[in-house]
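In: structural data only, the sequence is not supplied:
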DNA sequence: ACCGGCAATGCAACCGGTTGCATTAATTTC
DNA sequence: GAAATTAATGCAACCGGTTGCATTGCCGGT
């Protein structure tokens, strides 16, 4: 039978209380007594029962990592996977554990059962954050939101530098590659991330005094999808404003390469040479992949005829043909950051809410 | 303040014991009393404290899912990600939770701290299973091994049908595409999975009376890598035997596409036309990708000059150019199966060890 | 009227720890 | 040398549940 604290205490000839304190290295216990207790503990290979400790201390040492079943076949796992890795690693460093919970976007209840008293804090890592947020707040559970920032006090937010990364792409295309007609293709702009990338696309044009790509053959799709427009307050928290749509971005419903191909190909075919863009900035690598296929099928070359840049730097993007120029995201670091912020929040629940930026950087490969 | 069981009991006018039983729907409690208690519970939004329950019942409802930080950039997360999803989904269905723990291959201790009493069972999902297995056995923790089967009583093993999948590839190449000179490229054969794929490659040759591809230009690499040879007992459990290496498989150290390219290209260049294979069976999609690149660079076409088939069916494989013929693995289902077997093992710890096969199937695309 | 049996409930111990406070032992102060 | 202070330990309550067993009340049988 596994030894219990009471066993250790008895054998070491002290009370349960003293044994407990000795193991916790409390200054109340005489050094010699500590040694004795520790020795007995080691000898009998005593391991405290974490659950009992948790109920006694009201601190489980478990963090909830809540994510959707990965929506996108290769993006989903490539992004949230490393993020989870990062969270696990950082959690372990601080003797915390990660419990993964599915967030059902339909059913916004996050695993009611377990969460109540058993979790010290929660990381919500999704791309379409539902709003069980209020639920967490009501229950006073420290919460970190990844990829989103809502005007809620006392939470922390982890966001990657979408805008900066996209600006770097544009700078590269314009300054280093001399492009002046750059098209933009994206999943629904109602996603905060994509919208920020789009804003960078717009601002770059302003910065360099270029006209925004406007192709009469493109009829603007459903820019916002079925989602509400990006929230003004959220954008302000991220240092941005809501803006009108300019030019003719190609909007896909979903971060899906074959849809991108199907959308881009007919445009290329229907467009006069003078209306063709010389570069296409895809809001995600996945869309970039579809875009490249479409260009090939139209009998054109990447990057000679049309350059393509993406965003995310999926692990496979370096193996594309041609290897993709893109913005390197760092989900692993986001996971670490999320845990760090969460632990701060747990340590000091009155801490005011903070936005933690995670850097992105341009990776130039062969597609531009 | 959150209501406790004692609060509910008091308000409903019963004892803690009765309240507890009422909530557990025990037949000992009168229907009317149950109703009253449940009503009060609902009214006050009572949620039992899972940790307290866990310590009282000695059953935490938490399963450990133990995996390496995903080794391979695109394979790792694409495979273990869905597996984790499957485990989570199945666990949730049975009101269990998944705690993910990193398995440090170097340091074989699996999160000593938490595991002791707090976890009902463990799933070990790695490709190079370390042997903290003994540790789990000593502690009587039910254990499920994924992708491996060791001759240990009272555990369960989840393995996908590597052999069958690989046979299907060979059948396709030989019967439907008429290939007679088929090369094989693989990561180290000391990995059980790859070895089984190789055995299928050999057996198919025997079945169809073909000569195994033997290219004088290929010098056999380090077939076993730094790992021990596949274990005889393990193989027997999986219905196979240790066999001699036949032909000249191309062996890479690592499941890495660029290494595959670097290995295949010089062989193609150095080989007379008559020695060229007409098809290459790559033991993984990742290697298939590198192989295809090498073929292109050698100025040949896929599949016209050389057909290529892979194994794994990564989400991205359908987006290769050309889309890859491969064997569809089902990590999601493996995750589900792992949880199912684990729960059986928890319910009946004396259950004898079982191997659970997860199907694979051929997906024919354009590369063959 | 008495007893046995059963359904419903409550008491109190238990799971395995932690911690406030009282108690004792050891040391200092006057 | 007694009183006051401090260091070390133990007692017992507590965290929030579950469960074995005793108790109560009600019923039918004789």
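Out: Yes, it's here. All figures in this text were calculated on a predicted structure; none of them were measured in a lab. Residues are numbered from 1 along each chain as shown, chains lettered A, B, ... in the order given.
In: longest helix in chain A, please.
Out: In chain A, taking DSSP state H as the definition, the longest helix is helix A:73-93.
In: close to chain B, is the following helix or strand past it?
Out: Moving toward the C-terminus from helix A:73-93, the next helix or strand (DSSP states H and E) is strand A:97-102. Yes. With CB under 8 Å from any CB of the partner chain as the criterion, chain B is reached by strand A:97-102 at A:97, A:98, A:99, A:100, A:101, A:102. In short, each C-beta sits where N, CA and C put it, glycine included.
In: which outside residues touch strand A:97-102?
Out: If you take CB atoms under 8 Å, 6 or more residues apart in numbering or on different chains as the criterion, strand A:97-102 is touched by A:61-69, A:84, A:87-88, A:91, A:110-111, A:114-115, A:119, B:62, B:65, B:84-85, B:88-89, B:92, B:97-101, B:111, B:114.
In: give me the domain ranges for chain A.
Out: For chain A, the structural domains run A:5-48, A:62-160+A:331-359, A:162-328, going by automatic domain parsing.
In: pick out the shakiest of those domains, pLDDT-wise.
Out: With a mean of 85, domain A:62-160+A:331-359 has the lowest mean pLDDT of the domains of chain A.
In: measure the closest residue to residue A:310 other than its chain neighbours to residue A:186 for me?
Out: Nearest-residue entry for residue A:310: residue A:288, 3.3 Å, with adjacent residues in sequence omitted and distances by CB to CB, 6 or more residues apart in numbering or on different chains. For residue A:288, the distance to residue A:186 equals 11 Å [CB to CB, to the nearest Å].
In: the two: which has the busier surroundings?
Out: Ranked by neighbour count (other CB atoms under 10 Å in any protein chain shown), residue A:288 and residue A:186 place residue A:288 first, with 29 against 26.
In: verify the contact between that one and residue A:327 for me.
Out: No. With contact defined as CB atoms under 8 Å, residue A:288 does not reach residue A:327; the gap is 10.7 Å.
In: contacts made by stretch A:21-39 with the rest, please.
Out: With contacts defined as CB under 8 Å, 6+ apart, stretch A:21-39 is touched by A:5, A:8, A:9, A:12, A:13, A:14, A:18, A:19, A:41, A:48.
In: between residue A:288 and residue A:186, which contacts overlap?
Out: Common neighbours of residue A:288 and residue A:186 (CB under 8 Å, 6+ apart) are residue A:282.
In: strand A:97-102 and the longest helix of chain A, what's the angle between them?
Out: Helix A:73-93 runs at 150 degrees relative to strand A:97-102, counting by axes from the mean of the first three to the mean of the last three CA atoms, to 10 degrees.
In: overlap in contacts of residue A:288 and residue A:327?
Out: Residues touching both residue A:288 and residue A:327 (CB under 8 Å, 6+ apart) are A:310, A:311.
In: wait, residue A:8 touches residue A:46, no?
Out: Yes. Between residue A:8 and residue A:46 there is a contact under CB under 8 Å: 5.2 Å.
In: give me the more crowded residue out of those two.
Out: Per other CB under 10 Å, whichever of residue A:8 and residue A:46 has more neighbours is residue A:8, with 25 against 20.
In: re earlier: what subset of the contacts of stretch A:21-39 is buried?
Out: Neighbour-count burial (16 or more other CB atoms under 10 Å in any protein chain shown) applied to the contacts of stretch A:21-39 gives A:5, A:8, A:9, A:12, A:14, A:18, A:19, A:41, A:48.
In: can you classify the fifth one by secondary structure?
Out: When you say that, I think you mean residue A:14. Following DSSP: H, G, I helix; E, B strand; the rest coil, residue A:14 is assigned to coil.
In: so who does it touch?
Out: Applying CB under 8 Å, 6+ apart to residue A:14 gives the contacts A:22, A:33, A:36, A:37.
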